[in-house]
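> What shape does this take:
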Amino acid sequence: MLVLRFGAQHYCFRDPACSAGRVAVRGGQESVVRASGGDKGQLEMARTGTDVVRRRRGMMTEHLAGLFASKPAVREPFELGFAAMNACRWDDAIVHLKKAAAATKGLKRVALLNLIGVCHYTEGRLSDALRDFEESAKLAEKFGDKRGKARAFGNIGLIHRDGGDLDRALSYLEEALAIARATHHQWAVAIHLGYAGSIYHDKGELPKALEYYSEALTISREIGDQWVVASSLGNLGSIYHDRGELDKALQHHEQALAISRDNGDLWGVASSLGNIGSIYRDKGRLAEALMFDSRALKVAHTLGHLLGAATDLGNIGLILTDRSEHEQAVPKLAEALITLTNMGVANGPRQTLTGLAGCEDKLGRRRLVELLERTGKDDGVIADVLDRVDQTRQRRPERKGSVRVRRSKARQ
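This is a model prediction of the structure:
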């Protein structure tokens, strides 16, 4: 069974004091974390033989560094850009934030580049986001902005995770965690524990991941940050899921969902809905799985979160194949495949391709082509999809059992 998984880490983490229009100040510096949907590497589950594709909540950390108190030439476009971010109008936000960045240098430019990177990432423009975060990190190093450097390194690590380079991702995330510990910034410590824990999770080092997730939960409860509590609960739920403890996993994800709803955190809601759908799929309760993944997709569209929506769509397509509704599955799997491939993420394309190959097994090539043509894609795109399906057939072993997709999270 193939699983496109949203892990526990797909939240937009904000301080409990934050609302859509304002930011919390922590230790003299404003900080916000916004979910990004980072796809994750693959964890082969030897216990069940399940092929898992993880997508945990990969949270992009925002760095504000006094922008609300800056001079009008910087503050006014920044406030317009930040309001656009809160309204999920990412293109508008980028325009305003770039205007603010052009009017300043130093620490405030570190923060503005970080915010522009968050917008690019959420839109699925990963290479642009990486460039923004790398420039932010260089300036932070130059000006001695340790917290700005930690934010940038954490976000860079998440992008490398999306690309499948887990070792490189881990080096950035562990350094970000070390900076957070050295500056005694417990909120950032909890966030980066979740980030780094998710890499160990993807590597299959479940005891190490559990250690990091548990410490993140403890710290977040001590400081009263419900956003990070929800993420940590979701991360732990994904561990239990991988261990086959489905009821315990479901309990954790339901707790995370309730906290996210109480705090108005749509990013967390989307991630938890997807994780719950994955568990119901493993339980064989496909109607409920489809319902939860469909709800997650709706929220992802509301947020304008391209990677999240593509993962949800792929999961829905795979559930439909489980239900033998292959004609309905084809357009969803194809759309998810095209988006994930264009984004250049390591996780997801293989699962959607296997799903499409399974649909062809049932429907035949001619019908598959007809269904792809109905999507309105041009001939070149359709030819590319079919070529990728053929390549998948050449690589895959004789099929045993069903194809399954699990949502895991961009889990912190």
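
> Same question for stretch 220-240: list its buried residues.
Residues of stretch 220-240 classed as buried: 220, 223, 225-240 (neighbour count, 16 or more other CB atoms under 10 Å). The C-beta positions use only the backbone N, C-alpha and C, and glycine is treated the same way.

> how long is stretch 252-270 end to end?
One end of stretch 252-270 sits 15 Å from the other (CA to CA, to the nearest Å).

> Use 42 as the first number for this chain going forward.
Noted, 42 is the first residue going forward, which turns the last one into stretch 293-311.

> got any ranges where the stretch 342-453 of the chain has weak pLDDT?
436-453 (pLDDT under 70).

> ranges for the strands of it?
Secondary structure of the stretch 342-453 of the chain (DSSP state E, counting those that start in this stretch): no strands located.

> ok so, going back, out of the buried residues of stretch 261-281, which sit inside helices?
Among the buried residues of stretch 261-281, the ones falling in helices (DSSP state H) are 261, 264, 267-281.

> Quick one: the helices in the stretch 242-391 of the chain, in order.
Along the stretch 242-391 of the chain, the stretches classed as helices by DSSP state H, counting those that start in this stretch are 247-264, 267-283, 287-303, 307-323, 327-344, 347-363, 367-384, 390-404.

> And the stretch 42-191 of the chain, by the same measure?
113-127, 131-143, 148-163, 167-184, 187-203.

> would you list those in TSV and tack on distance to Thr433 and mean neighbour count?
Below are those laid out as TSV (distance: least, CB to CB, whole Å; neighbours: other CB atoms under 10 Å):
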stretch	distance to Thr433	mean neighbour count
helix 113-127	38	19
helix 131-143	33	20
helix 148-163	28	27
helix 167-184	23	20
helix 187-203	21	28
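
> In a markdown table, list those helices along with mean pLDDT and distance to Pro390.
Listed next are these as a markdown table, based on pLDDT from 0 to 100; distance: least, CB to CB, whole Å:
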| stretch | mean pLDDT | distance to Pro390 |
| --- | --- | --- |
| helix 113-127 | 95 | 29 |
| helix 131-143 | 97 | 24 |
| helix 148-163 | 95 | 19 |
| helix 167-184 | 96 | 14 |
| helix 187-203 | 95 | 12 |
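
> Please render those helices as a markdown table that adds distance to Glu246 to the earlier fields.
A markdown table is the format used below for the helices of the stretch 42-191 of the chain (distance: least, CB to CB, whole Å):
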| stretch | distance to Glu246 |
| --- | --- |
| helix 113-127 | 34 |
| helix 131-143 | 34 |
| helix 148-163 | 26 |
| helix 167-184 | 25 |
| helix 187-203 | 14 |
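
> can you tell which of those helices is closest to Ala398?
helix 187-203 (24.2 Å; CB to CB).

> Now do that closest one against helix 167-184: the angle between them, please.
Helix 187-203 runs at 150 degrees relative to helix 167-184, counting by axes from the mean of the first three to the mean of the last three CA atoms, to 10 degrees.

> circling back to that earlier point, indicate which one of the helices of the stretch 242-391 of the chain is closest to Gly189.
helix 267-283 (19.8 Å).

> pLDDT averaged over that closest one, what's the number?
Average pLDDT, helix 267-283: 95.

> elements contacting it?
If you count contacts as 3 or more CB pairs under 8 Å, 6 or more residues apart in numbering; DSSP states H and E, helix 267-283 packs onto helix 227-243, helix 247-264, helix 287-303, helix 307-323.

> closest one to Gln435 among the ones you listed?
helix 227-243 (26.5 Å).

> I'd like to know which elements the closest one is packed against.
Checking 3+ CB pairs under 8 Å, 6+ apart, helix 227-243 ends up next to strand 70-77, strand 80-86, strand 99-104, helix 187-203, helix 207-223, helix 247-264, helix 267-283.

> Any buried residues in the fifth one, and which?
What it means is helix 207-223. 207, 209-218, 220-221.

> Reformat those as a markdown table; add pLDDT.
Below are the buried residues of helix 207-223 laid out as a markdown table (pLDDT from 0 to 100):
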| residue | pLDDT |
| --- | --- |
| Leu207 | 96 |
| Arg209 | 97 |
| Ala210 | 97 |
| Leu211 | 97 |
| Ser212 | 98 |
| Tyr213 | 97 |
| Leu214 | 97 |
| Glu215 | 97 |
| Glu216 | 97 |
| Ala217 | 96 |
| Leu218 | 97 |
| Ile220 | 96 |
| Ala221 | 95 |
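
> Let me have the helices and strands packed on helix 227-243 in TSV, extended by distance to Lys324.
Shown next, in TSV, are the helices and strands packed on helix 227-243 (distance: least, CB to CB, whole Å):
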stretch	distance to Lys324
strand 70-77	26
strand 80-86	16
strand 99-104	26
helix 187-203	28
helix 207-223	29
helix 247-264	21
helix 267-283	11
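
> Run through who's touching stretch 203-214.
79-82, 99, 167, 194-195, 197-202, 233, 236-237, 240-241, 243-244, 348, 384-388 (CB atoms under 8 Å, 6 or more residues apart in numbering).
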